[in-house]
Structures are given as structure tokens and as C-alpha cells.
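Enquirer: quick check, what structure comes out for this input:
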Amino acid sequence: RTEIDGVPCFWAKGPAPFSAALVFRVGRADETLPRGGVSHIAEHLVMPASPPREFERNARVENLFTVFWGSGAKDQVLGFLGQTAASIL
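Expert: Numbers count the residues shown, from 1 in each chain. This next block holds a predicted model:
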């Protein structure tokens, strides 16, 4: 465990391919009924319009969390997650 810019980061070594995710504690349970789906709309706005072909990536909104993930070459996955985090700010 470590922190990067105040954000807790956890990791474990494993076999290839490299996989990483950004996980936010906001999800469907945080939305009122009239505003249902706002987290899902935000997820779609943050994701790039066309998927890169070099590695897998996706996002989802769960009841308690919003998750952006990638799997493939380490530099590409970390670049994608860095761009994703920057687009949220």
C-alpha cells in the first residue's frame, strides 16, 4: 500500500497481462430516484469515444463503486488510467 497525491494505492504482483483499476466510492446507491443514472452518464463521458486496440479497457457503475480498468501493456494501461483520472478533475 502507498499513496499517490493523497490517493491510497494497493497492488499485488501477478502474471501477465498487467491489470489496474481506478475505483471510486460513488455509485447507484448514492443517487436519488429522480437523478438515477447520473453516475453512469459521467462514466460514459469520461471514457474515450473509441477503444484502443492495443489493450482491453472498460468501466462500470456498481451499487457502491464506479470502476475504470485496463489490462495489457503496463505503460498503456497506466497511461489510460492517468488520462482517465485527469479527465475527471
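
Enquirer: all strands for this protein, in order.
Expert: Ranges of strands in the chain, per DSSP state E, are 2-4, 7-9, 18-24, 56-61, 66-72.

Enquirer: which of these is buried the deepest?
Expert: strand 66-72 (a mean of 19; mean count of other CB atoms under 10 Å). Where C-beta positions appear, they are placed from N, C-alpha and C, glycine not excepted.

Enquirer: got phi/psi on Ala12?
Expert: The phi and psi values for Ala12, taken as degrees, to the nearest 10, are phi -150, psi 140.

Enquirer: run a quick neighbour tally on it.
Expert: Neighbour count for Ala12, taken as other CB atoms under 10 Å: 4.

Enquirer: contacting residues for His44?
Expert: Taking CB atoms under 8 Å, 6 or more residues apart in numbering as the contact definition, His44 lies against nothing.

Enquirer: any idea which helix is longest in the protein?
Expert: In the chain, taking DSSP state H as the definition, the longest helix is helix 74-88.

Enquirer: average pLDDT for that helix?
Expert: Average pLDDT, helix 74-88: 90.

Enquirer: what is that helix packed up against?
Expert: Helix 74-88 is packed against strand 18-24, helix 38-46, strand 66-72, with contacts defined by 3 or more CB pairs under 8 Å, 6 or more residues apart in numbering; DSSP states H and E.

Enquirer: which positions in that helix come out as buried?
Expert: By neighbour count on 16 or more other CB atoms under 10 Å, the buried set for helix 74-88 is Gln76, Val77, Phe80, Leu81, Thr84, Ala85.
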